[in-house]
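Asker: Just the structure for this:
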Amino acid sequence: VDDAWGWLEEQADLVDAAPAGSAMKKARELDLLGCADDCRRLLQEALAGDKATLGELFAGDRIGCLRLVLDTVRTDHCDTEERWRQLREACAAVEDLLQG
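Answerer: So this is what the prediction gives:
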């Protein structure tokens with residue numbers, strides 16, 4: 001999980017550094033979406049398991065770091081992408097379970 005989150009943060013930083021509307025930004029957003037899909041899969045696998053394991057897996061600040069990336073990365077196109085929406089939904093589901 002830490003590797004996936006680290007990769008997502010790195011990709012988000014690259015997206016933020018690219019000029020808006022540029023081909024570079026579009027390419028970096030595609031890389032970010034690929035990473036988002038991997039993170040979504042990890043979250044869905046965790047959600048399919050038991051709550052104790054979910055709590056252990058996302059103990060500390062892991063889910064908060066993911067939420068921070070989702071809420072702060074400046075993208076041109078990700079918000080309209082299904083993979084990005086699904087990652088947001090999976091993150092919210094984990095947050096709900098951890099709080100409930």
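Asker: residues near Ala17, how many?
Answerer: 11 (other CB atoms under 10 Å). In this view, the C-beta of every residue, glycine as well, is placed from N, C-alpha and C.
Asker: for it, what are its contacts?
Answerer: Ala17 sits next to no residue when contact means CB atoms under 8 Å, 6 or more residues apart in numbering.
Asker: tell me the pLDDT at it?
Answerer: Listed pLDDT for Ala17 reads 97.
Asker: ok, now how distant is it from Val73?
Answerer: The gap separating Ala17 from Val73 is 11 Å, by CB to CB, to the nearest Å.
Asker: Which stretches in the chain count as helices?
Answerer: 2-17, 23-48, 51-57, 62-72, 82-99 (DSSP state H).
Asker: Mind giving me the packing neighbours of the shortest one?
Answerer: Translated: helix 51-57. Helices and strands touching helix 51-57, as assessed by 3 or more CB pairs under 8 Å, 6 or more residues apart in numbering; DSSP states H and E, comprise helix 23-48, helix 82-99.
Asker: Would you reformat the ones you listed as CSV and include mean pLDDT?
Answerer: Converted to CSV, those look like this (pLDDT from 0 to 100):
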stretch, mean pLDDT
helix 23-48, 95
helix 82-99, 93
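Asker: Might one say that Arg28 is in contact with Glu10?
Answerer: No - counting by CB atoms under 8 Å, Arg28 stays clear of Glu10, with 10.4 Å between them.
Asker: Contacts only, for the nearest residue to Leu8 once chain neighbours are set aside.
Answerer: Counting by CB to CB, 6 or more residues apart in numbering, Leu8 lies nearest to Cys35, which is 4.9 Å off, once chain neighbours are set aside. The contact partners of Cys35, taken as CB under 8 Å, 6+ apart, are Ala4, Trp7, Leu8, Gln11.
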